[in-house]
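*Asks:* Turn this into a model:
(chains A and B)
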There are 2 protein chains.
Amino acid sequence: MAGTPEHTPLDLPEGDPFGPHNLPYGIFSESPDGARRIGVRLGDHVLDAGAAASALGSPYVSLLARPSLNPLLAAGRTAWSDVRRALTAWVTVPAHRETVLPFLHPLSAVTLHLPFDVADYVDFYASENHASNLGRLFRPDEEPLKPNWKHLPVGYHGRSGTVVVSGTDVVRPSGQRKGPADPAPVFGPSVRLDIETEVGYVVGAPSAQGTAVPLSAYRDHVFGLCLLNDWSARDIQSWETVPLGPHLGKSFATSISAWITPLEALDAARVTAPERSVPLLPYLDDADPSLDPAGYDLRITVSLNGHVISEPPFSGMYWTGAQMLAHMTVNGASLRTGDLYGSGTISGTEENERGSLIEMTWNGSHPLELPDGKRGFLENGDVVTLSAWAPGANGTRVGLGEVTGRIVAPLPAGS
Amino acid sequence: MAGTPEHTPLDLPEGDPFGPHNLPYGIFSESPDGARRIGVRLGDHVLDAGAAASALGSPYVSLLARPSLNPLLAAGRTAWSDVRRALTAWVTVPAHRETVLPFLHPLSAVTLHLPFDVADYVDFYASENHASNLGRLFRPDEEPLKPNWKHLPVGYHGRSGTVVVSGTDVVRPSGQRKGPADPAPVFGPSVRLDIETEVGYVVGAPSAQGTAVPLSAYRDHVFGLCLLNDWSARDIQSWETVPLGPHLGKSFATSISAWITPLEALDAARVTAPERSVPLLPYLDDADPSLDPAGYDLRITVSLNGHVISEPPFSGMYWTGAQMLAHMTVNGASLRTGDLYGSGTISGTEENERGSLIEMTWNGSHPLELPDGKRGFLENGDVVTLSAWAPGANGTRVGLGEVTGRIVAPLPAGS
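*Replies:* As a prediction, this is how the structure comes out:
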């Protein structure tokens, strides 16, 4: 072969977290308004997967030459494996080099888009440390966890129409809030704007209404993981939330990473969930050794304006993605291709492992001391970035990319 | 003109609630799996609107020759008026009779489908009587309404993927429940399956993320109304609901009527909302006389196995559709074509005006006495039908059709 292999995008530095062992999927265009195409990340490049499939005469061109991941998501687990095997060959087998190289675009030269059409979005509350911290903050005289918490993964539906891709600015929401001393609610931009550090599960294969998806079918339905920041206006949320739960405090924006990491890339990162302290009903009981472990050892970093403010560990989550899926469907609720469900805020046991500002600053009472000033909650112009990696086979790392967003000043209130 | 006009589907009996003053939209096929097409109801017939548009050389063929209402919904208020004016002419102007008649299919000979692709589904809680009844039932020692109730229309997101068209069987959901005397939750089919009598608002024109939709723009965005039954498993709901609100107790199924009544057909039914007993923030204050009244005088009948069990009046709702829309977007949440929001259970002041069984039977303690037995909550095989009409101009009635569903036995539990 001609040329110096080390100088092509196919020849990655050792240990690159986006090597051929990873191959996450996204949607890119060559110009901001250009045609959208499926891209597969390799190092700091994006492979135009549909164009490569076409040039190589692949049977998967119908799944890959698309403006959205949805057809691939809908194709199911066998197709996901087959396509991944083909992609791996295209970027590793020397005979394909010359064909594939023209379809690799520098990441810095493309625009990334929302990788799939979000159907329903459900957000869970699966970290015991997070739920306990919020209980201690808001109900100091009660048990930190509500009686149902260890019996089922508590969750609720969010707004799928406001899920945005990493990099999208977030307009500070306005709304009603009422402090204990206020005689009546006041209206204005949120003054307690927060983040929630989460992992999102992307559903590929649908299920029929009236049927449940058991724990054992988790990998038949879930295609992969993304990073998710469920921006939260704590002041709006606390006034509106009784008795039907969060609504406008959450529905203004939810950001996800541009890259969806296939579950197959995370096989080496699988962990069993922590010991559960109360017995589980059979549909949630994952002690059966024939079940795959459904936890993941993801190492997450939360940065505010470039400063690391927390490193929440995902491995300690009380509820797994398989349990959330089994619970979400046990009443017969169907799954659609593109359903997204979030883990809820990820918090570890330590102070520097908390996944939200309300926990990090203990409801604003202990502001973060950053080089550019104190922060109780977010200010306009603040940029929050969640990034993560997972252990791969043989000491490698699997990058999950990042989800980032900047807070921008509110627009004038409606009416 | 030849023939006896009284014998064609274009010649309706006087007072038909589906006359040319109504013209609701739906989706039909000539066989259950046949091609889906937009239908407009006229009496007991369905006009194949796309075929008629094509035969008449109408410019609206691109909006009407479609398998879903979404393109028409997205076209916006001016297009909605223009298309309605054209349809009115097609079914009333004698010169069009011979062209249009072949495209009228008997309602009994077609299959009706979900009329639009549901984007996000939000359910409100806008009836003061309903919210007060539930407060008295569940929190007898407190004020029946929570402190926020009269300041904002309380609502939450539901599952859009399980919205089904009238006539679809509803599988009894299974799930966790825990009575006060149970030491731990038990799993099984819901034993307290209920209905919620609601009106649904169908959003046509989208809005941009980061902007609010004021009260004055309600009719620019909302295309029409449907009937909605938000089936509810009270036992599942009560155990899961703290602190994030309803989830599996609702997400298994939500039924809507097959016909969407355009707002223009309901002009004569508009009413102002009742006097509000606390001052409203400006974005919700509809006292401005330049605003159209946004309440509707809909007369609803609830039947169980053919027996009328309640007649909830919609005219007394505390919050209007315009207020719900303004609230839902005041934080900058965007609207998408196909968004659906429900009013919440409609209950009047009287016992025979309650919109849910939990209210009618006071949590099962006063079962309904029906000719076929007592009912606290729904049994398998029960058929619930909500139907409604509204006053039209000159003493006419505008039919809103019905939403019906039958409860069928649960499938075996997952896992």
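*Asks:* Output the residue ranges of the helices in chain A, listed in chain order.
*Replies:* Using DSSP state H, the helices of chain A run over residues A:49-55, A:61-64, A:70-75, A:77-92, A:97-100, A:128-138, A:218-221, A:234-240, A:321-329, A:357-360.
*Asks:* Please tell me how far the residue in chain A positioned nearest to chain B sits from residue B:240.
*Replies:* The minimum distance from chain A to chain B, using CB to the nearest CB, falls at residue A:245 (2.3 Å). C-beta coordinates here come from the backbone N, C-alpha and C atoms, glycine included. Plainly put, residue A:245 is 10 Å away from residue B:240 if you go by CB to CB, to the nearest Å.
*Asks:* Tell me which of those two has more neighbours.
*Replies:* residue B:240 (29 against 25; other CB atoms under 10 Å in any protein chain shown).
*Asks:* Which residue, other than its chain neighbours, is closest to the residue of chain A closest to chain B?
*Replies:* residue B:245 (2.3 Å; CB to CB, 6 or more residues apart in numbering or on different chains).
*Asks:* I'd assumed residue A:237 was in contact with the one you found.
*Replies:* No. Residue B:245 lies out of contact with residue A:237 (CB atoms under 8 Å); the separation is 11.5 Å.
*Asks:* Now do the shared contacts for the two.
*Replies:* residue A:246 (CB atoms under 8 Å, 6 or more residues apart in numbering or on different chains).
*Asks:* who's in contact with the residue of chain A closest to chain B?
*Replies:* A:156, B:156, B:241, B:243-246.
*Asks:* Show the pLDDT at it.
*Replies:* Per-residue pLDDT puts residue A:245 at 96.
*Asks:* cool, residue A:415 as well?
*Replies:* pLDDT, read off for residue A:415, is 39.
*Asks:* same deal with residue A:102?
*Replies:* pLDDT at residue A:102 comes out at 97.
*Asks:* and what of residue A:138?
*Replies:* 86.
*Asks:* The one 5 residues further on now?
*Replies:* Here, the pLDDT recorded for residue A:143 equals 94.
*Asks:* ok, now how distant is it from residue B:181?
*Replies:* Residue A:143 is 20 Å from residue B:181, where distance means CB to CB.
*Asks:* Mind checking which of those two has more residues around it?
*Replies:* Between residue A:143 and residue B:181, residue A:143 has the larger neighbour count (other CB under 10 Å), namely 11 against 5.
*Asks:* Correct me if wrong: the more buried one contacts residue A:132.
*Replies:* No. Using CB under 8 Å, residue A:143 is not in contact with residue A:132; the gap is 9.2 Å.
*Asks:* For residue A:189, name its beta-bridge partners.
*Replies:* Residue A:189 has these beta-bridge partners by DSSP bridges: residue A:174.
*Asks:* List the residues that contact it.
*Replies:* Applying CB under 8 Å, 6+ apart, the residues contacting residue A:189 are A:172-174, A:410.
*Asks:* And the pLDDT for residue A:355?
*Replies:* Taking residue A:355 on its own, its pLDDT is 98.
*Asks:* what's the answer for residue A:216, then?
*Replies:* 97.
*Asks:* now the strands for the stretch 151-300 of chain A?
*Replies:* A:155-158, A:163-165, A:170-171, A:174-177, A:186-189, A:193-194, A:197-203, A:222-229, A:232-233, A:254-256, A:261-262, A:270-271, A:295-296, A:299-304 (DSSP state E, counting those that start in this stretch).
*Asks:* Which residues of the stretch 251-400 of chain A lie near chain B?
*Replies:* For the stretch 251-400 of chain A, the residues in contact with chain B (CB under 8 Å from any CB of the partner chain) are A:251-253, A:278-279, A:281-285, A:326-336, A:339.
*Asks:* Of those residues, keep whichever come out buried.
*Replies:* By neighbour count, with 16 or more other CB atoms under 10 Å in any protein chain shown, those hold A:251-253, A:281, A:283-284, A:326-336, A:339 as buried.
*Asks:* pLDDT score for the nearest residue to residue A:376 once chain neighbours are set aside?
*Replies:* Leaving aside its chain neighbours, residue A:376 sits nearest to residue A:364 (3.5 Å; criterion: CB to CB, 6+ apart). You'll see residue A:364 listed with a pLDDT of 95.
*Asks:* for residue A:364, what are its contacts?
*Replies:* A:192, A:358, A:376-377 are the contacts of residue A:364 under CB under 8 Å, 6+ apart.
*Asks:* swap the cut-off to 7 Å and go again
*Replies:* A:192, A:376-377 (CB atoms under 7 Å, 6 or more residues apart in numbering or on different chains).
*Asks:* Among those, which one lies nearest to residue B:69?
*Replies:* residue A:192 (40.2 Å; CB to CB).
*Asks:* Check whether that closest one really touches residue A:379, as I assumed.
*Replies:* No. With contact defined as CB atoms under 7 Å, residue A:192 and residue A:379 do not form a contacting pair (11.5 Å).
*Asks:* Just give me the residue closest to the centre of chain A.
*Replies:* residue A:227 (2.6 Å; CA atoms, centre = their mean).
*Asks:* Against residue A:336, how distant is that residue?
*Replies:* 22 Å.
*Asks:* which helices and strands does the lengthiest strand in chain A pack with?
*Replies:* Longest strand of chain A, by residue count under DSSP state E: strand A:397-408. Packing contacts for strand A:397-408, counted by 3 or more CB pairs under 7 Å, 6 or more residues apart in numbering or on different chains; DSSP states H and E, involve strand A:170-171, strand A:222-229, strand A:254-256, strand A:383-391.
*Asks:* how about the ones you listed in CSV, adding mean pLDDT?
*Replies:* CSV is the format used below for those (pLDDT from 0 to 100):
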stretch, mean pLDDT
strand A:170-171, 98
strand A:222-229, 98
strand A:254-256, 98
strand A:383-391, 98
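*Asks:* would you turn those strands into CSV with distance to residue A:37?
*Replies:* What follows is the helices and strands packed on strand A:397-408, written out as CSV (distance: least, CB to CB, whole Å):
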stretch, distance to residue A:37
strand A:170-171, 26
strand A:222-229, 18
strand A:254-256, 19
strand A:383-391, 25
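*Asks:* Select, out of those strands, the one closest to residue B:160.
*Replies:* strand A:254-256 (15.5 Å).
*Asks:* show me the contacts for residue A:22.
*Replies:* Here residue A:22 is in contact with A:261, A:265, A:398-399 (CB under 7 Å, 6+ apart).
*Asks:* Neighbour-wise, give me the winner out of these.
*Replies:* Most surrounded of those: other CB under 10 Å gives residue A:261, at 30 neighbours.
*Asks:* nearest residue to it other than its sequence neighbours?
*Replies:* Nearest to residue A:261 is residue A:24, by CB to CB, 6+ apart, at 4.5 Å.
*Asks:* got a list of what the one you found touches?
*Replies:* Here residue A:24 is in contact with A:41, A:259-261, A:401 (CB under 7 Å, 6+ apart).
*Asks:* try residue A:49
*Replies:* Residue A:49 neighbours (CB under 7 Å, 6+ apart): A:38-40, A:64, A:87.
*Asks:* Would you mind putting these into CSV with distance to chain B and neighbour count alongside?
*Replies:* CSV is the format used below for the contacts of residue A:49 (distance: CB to the nearest CB, whole Å; neighbours: other CB atoms under 10 Å in any protein chain shown):
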residue, distance to chain B, neighbour count
A:38, 23, 25
A:39, 24, 29
A:40, 28, 27
A:64, 25, 26
A:87, 30, 24
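*Asks:* List the contacts of residue A:86.
*Replies:* Contacts of residue A:86 by CB under 7 Å, 6+ apart are A:58, A:60.
*Asks:* ok, it to residue B:376 distance?
*Replies:* Residue A:86 is 58 Å from residue B:376, by CB to CB.
*Asks:* any weak-confidence spans in chain A?
*Replies:* A:1-6, A:411-415 (pLDDT under 70).
*Asks:* Which parts of it belong to which domain?
*Replies:* When chain A is parsed with automatic domain parsing, its domains come out as A:25-113, A:121-408.
*Asks:* could I get those domains as TSV with distance to residue B:384?
*Replies:* Converted to TSV, the domains of chain A look like this (distance: least, CB to CB, whole Å):
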stretch	distance to residue B:384
domain A:25-113	33
domain A:121-408	17
